[in-house]
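# no sequence on hand, only this structure:
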């Protein structure tokens, strides 16, 4: 895989059957939508929380990884999520991903399981140990809450490690994002990817891309295309559509909002994994009405 990767990194959402198993027929369609309609630069398999992989057994998680790689079928590189509280399990997933043909790995910066803020030296040692067990490039995944909240200097130290080729930033803090783009991307340590709220600002500052689930990924791809074409007015108009979506409905969670939007667009991916509730009632009606105002037609 070429180290320079720009644009959108897209995690397909995970459809479930009524029995809680992954619905692979719907997943196949989901992957095709991500690749062909959203024109993902890279696909993420079981890597971010909105993919709901946390609810799967290890065997089912590995099947989801393998099927995602199979359905992408070489059309795009695939980064496989290997985050897990167990260090040994992350290494096992890294070896499995490489065996199945992954292009890269994605690993959450972990919290210290025994409490207290994890030290820079501990985070660096953690990533060095996992990298030692694979030859694949890695994306450092920063998502405070599920994971640690490393400082800017700590993030830069991890970015300097050999084969940390990508950083996924989730802070939505412009001061932090802009500094890290300069201290990591512009310094040549790794490529920097942010969130949909920060996308146009990220492009203007010289960052590489964004990680975003569908169908918002279709809007972020259109923002990228407009920016690259020099049509900044169109890019700003498209970015403004992400001011309210999905933020206004986040009380239901990101997976629920995106799944409801996809269903309204004719791409059924089911409900969130139980007991978590789908968007319903008046909120669903308002979400559908807002989606109808967005540039989410695939060929627009």
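Received the coordinates, thanks. This is a predicted model, so every value here is computed, not measured.

# can you give me the strands for the chain?
Under the criterion DSSP state E, the chain contains strands at 7-10, 42-45, 78-81, 104-108, 138-142, 164-169, 191-194, 209-211.

# what angle do the fourth one and strand 138-142 make?
Translated: strand 104-108. 20 degrees (axes from the mean of the first three to the mean of the last three Cα atoms, to 10 degrees).

# hey, which of the strands of the chain is tucked in deepest?
strand 78-81 (a mean of 28; mean count of other Cβ atoms under 10 Å). Placement of C-beta: from N, CA and C, glycine included.

# and the gap between the residue nearest the centre of the chain and residue 195?
Central residue of the chain (Cα atoms, centre = their mean): residue 211, 4.2 Å from the mean position. Applying Cβ to Cβ, to the nearest Å, the value for residue 211 to residue 195 is 7 Å.

# helices of the stretch 1-150 of the chain, start to end?
Listed in chain order, the helices of the stretch 1-150 of the chain (DSSP state H, counting those that start in this stretch) span 24-32, 58-72, 87-100, 120-131.

# got a list of what the residue nearest to residue 196 when sequence neighbours are not counted touches?
Closest residue in space to residue 196, ignoring its immediate chain neighbours: residue 212 at 4.5 Å, by Cβ to Cβ, 6 or more residues apart in numbering. The contact partners of residue 212, taken as Cβ atoms under 8 Å, 6 or more residues apart in numbering, are 8, 9, 10, 195, 196, 199, 220.

# re earlier: the helices of the stretch 1-150 of the chain: which one's closest to residue 144?
Closest to residue 144 of the helices of the stretch 1-150 of the chain, according to Cβ to Cβ: helix 120-131, at 13.2 Å.

# and the closest one, what does it pack against?
Using 3 or more Cβ pairs under 8 Å, 6 or more residues apart in numbering; DSSP states H and E, the elements in contact with helix 120-131 are helix 87-100, strand 104-108, strand 138-142, helix 152-159.

# got TSV for those, with distance to residue 39 and mean pLDDT too?
Shown next, in TSV, are the helices and strands packed on helix 120-131 (distance: least, Cβ to Cβ, whole Å; pLDDT from 0 to 100):
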stretch	distance to residue 39	mean pLDDT
helix 87-100	23	94
strand 104-108	18	97
strand 138-142	19	97
helix 152-159	27	97
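
# ok, which of those comes nearest residue 118?
helix 152-159 (9.0 Å).

# and the closest one, how far from the chain's centre?
20 Å (Cα atoms, centre = their mean, to the nearest Å).

# and it, what's buried?
The neighbour-count check on helix 152-159 (16 or more other Cβ atoms under 10 Å) flags 154, 155, 156, 157, 158, 159 as buried.

# and the contacts of that helix?
109, 120, 123-124, 127, 140, 142, 150, 164, 167, 176, 179-180, 183-184, 187, 189-190.

# swap in 6 Å and give it another go.
Contacts with helix 152-159, where a contact means Cβ atoms under 6 Å, 6 or more residues apart in numbering, come from 120, 124, 127, 140, 167, 179, 183, 184, 189, 190.

# nearest spatial neighbour of the fourth one, chain-adjacent residues omitted?
Taking Cβ to Cβ, 6+ apart, and ignoring the residues beside it in sequence, residue 140 has residue 167 as its nearest neighbour in space, at 5.0 Å.

# residues near residue 220, how many?
28 (other Cβ atoms under 10 Å).

# separation between it and residue 55?
In terms of Cβ to Cβ, residue 220 sits 26 Å off from residue 55.

# helices along the stretch 151-300 of the chain, start to end?
152-159, 174-180, 199-205, 216-228, 232-240, 254-264, 281-291.
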